[in-house]
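A.B. asks: A structural model of the following input is requested.
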Amino acid sequence: MILYKNDNPTSHNICQILDDIYNLHTPAQRTLQVDEQNFFSFPRLSTDDDRPQFRYFWIGKFLNERILEANYANDDIAELDGNAYSPTFMAYEEAGHLLMMQNVMQGVNRRVLEKFLNGFLPKDSEDNYEIKVIQQKNSEGLEVINPNTNIMSINIAIKTEYYNHADFFEDNTNDNALAALLNNLYRFSCDNDVPEFDLSFKKKNFRNNIRHTLIDMVRIINTNSNALSKALVRVKLNNGDIKNIDLLGTLNLVKELNVNQNASFDLLKQTLKDNITNNNWIPQTAITYLATHRDLGHARFVDNQDDTEIELVTEPESMYRPINND
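C.D. replies: This is a model prediction of the structure:
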């Protein structure tokens, strides 16, 4: 998460912006209408004595749907008292400008977070400020697979027009069984004017594992081939974690945390802290993502030191304004 100034990424302290939004505004001023129908609010912010550069916070959505509450023991049904609300838990680490966001079905996404935070930035100053959230791509590859890894599925999609077995495999061979199968599918697709063909292998609920000889064949696929449209491998690691490996690097980085979806803010914060401290929960590739991707435009933030004090908007245009004092 990076603050842009006049279209240039900067190293500006976003923890300070979060602190000012939360501490200098009333709950109503921290409740904004992000789109035509939905209001979002910022009801929780917490610091960390052990990690001063961390901020833990909730931003949530007020649900417009009619919500009913019921009881397992009887047939009583009643409307929920108050407004239905779906918060999304987030944590931000200043040193690497690293944002961690909970995946909630009716919660906050990248677009909503950007619009919400940008609602507090000045609009009439000489400088134009904008917060941007950049989604990291999952850089994990087949190297996470070892002989004990359980292969759940393999999915490959190929554009018929560009397929050429001579450059589809890095060792320039079509002697393996996978190459022979793809060649047959290619010929069939050409004969029947099929623009793209898929190949899927799935374990599902069968007891035996998919043999790793298939992974050895997948390893030598040339992922730079123009013919390769999709290459996904889903595996279950020794510790039970499920990994989706995208050989084309198009999947966003997702990390699982074993906690109830409706857990309290304090429980979510403590669970995340414990996993970061005891289980090295944050992948090193996530911490160093921008440092190792200097080709990306937003990675230039490290070159633009900016300590300018930003005077936030006290009453954003889209803030919640009670009607008839309700």
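A.B. asks: how much space separates Ile282 from Asp216?
C.D. replies: 31 Å (Cβ to Cβ, to the nearest Å). Every residue, glycine included, has its C-beta placed from N, CA and C.
A.B. asks: more neighbours: which of those two?
C.D. replies: Using other Cβ atoms under 10 Å, the more surrounded residue of Ile282 and Asp216 is Ile282, with 17 against 12.
A.B. asks: spell out the residue ranges of the strands in this protein.
C.D. replies: With strands called from DSSP state E, the chain shows them at 2-5, 8-10, 31-33, 39-46, 54-62, 68-70, 77-79, 85-93, 98-101, 129-132, 150-159, 196-202, 228-236, 242-246.
A.B. asks: quick one: closest of those strands to Tyr22.
C.D. replies: Comparison of these against Tyr22 by Cβ to Cβ identifies strand 39-46 as nearest, at 4.1 Å.
A.B. asks: next, count neighbours for the closest residue to Asn183 other than its chain neighbours.
C.D. replies: Leaving aside its sequence neighbours, Asn183 sits nearest to His165 (Cβ to Cβ, 6 or more residues apart in numbering; 5.5 Å). Residues near His165, counting by other Cβ under 10 Å, number 15.
A.B. asks: what separation is there between His165 and Leu228?
C.D. replies: 12 Å.
A.B. asks: distance between stretch 47-58 and the chain's centre?
C.D. replies: Here stretch 47-58 is found 20 Å from its chain centre; the criterion is Cα atoms, centre = their mean, to the nearest Å.
A.B. asks: oops, could you answer that again for stretch 131-144 instead?
C.D. replies: 8 Å.
A.B. asks: same check on stretch 178-185?
C.D. replies: 35 Å.
A.B. asks: with only the CA atoms kept, save that stretch in CSV.
C.D. replies: Extracted C-alpha coordinates of stretch 178-185, given in CSV (Å, rounded to 0.1, in the frame of the first residue of the first chain):
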residue,chain,number,x,y,z
LEU,A,178,2.6,-35.7,-21.6
ALA,A,179,4.1,-34.4,-24.8
ALA,A,180,2.6,-37.3,-26.8
LEU,A,181,-0.9,-36.6,-25.2
LEU,A,182,-0.7,-32.9,-26.0
ASN,A,183,0.4,-33.6,-29.6
ASN,A,184,-2.7,-35.8,-30.1
LEU,A,185,-5.0,-33.1,-28.6
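A.B. asks: please work out which residues outside it touch it.
C.D. replies: For stretch 178-185, contacts defined as Cβ atoms under 8 Å, 6 or more residues apart in numbering pick out 156, 158, 163, 165, 168-169, 173-174, 197, 199, 214, 217-218.
A.B. asks: what does stretch 192-203 give?
C.D. replies: Counting by Cβ under 8 Å, 6+ apart, residues outside stretch 192-203 touching it are 150-161, 181-182, 185-186, 188-189, 209-210, 214, 229-230.
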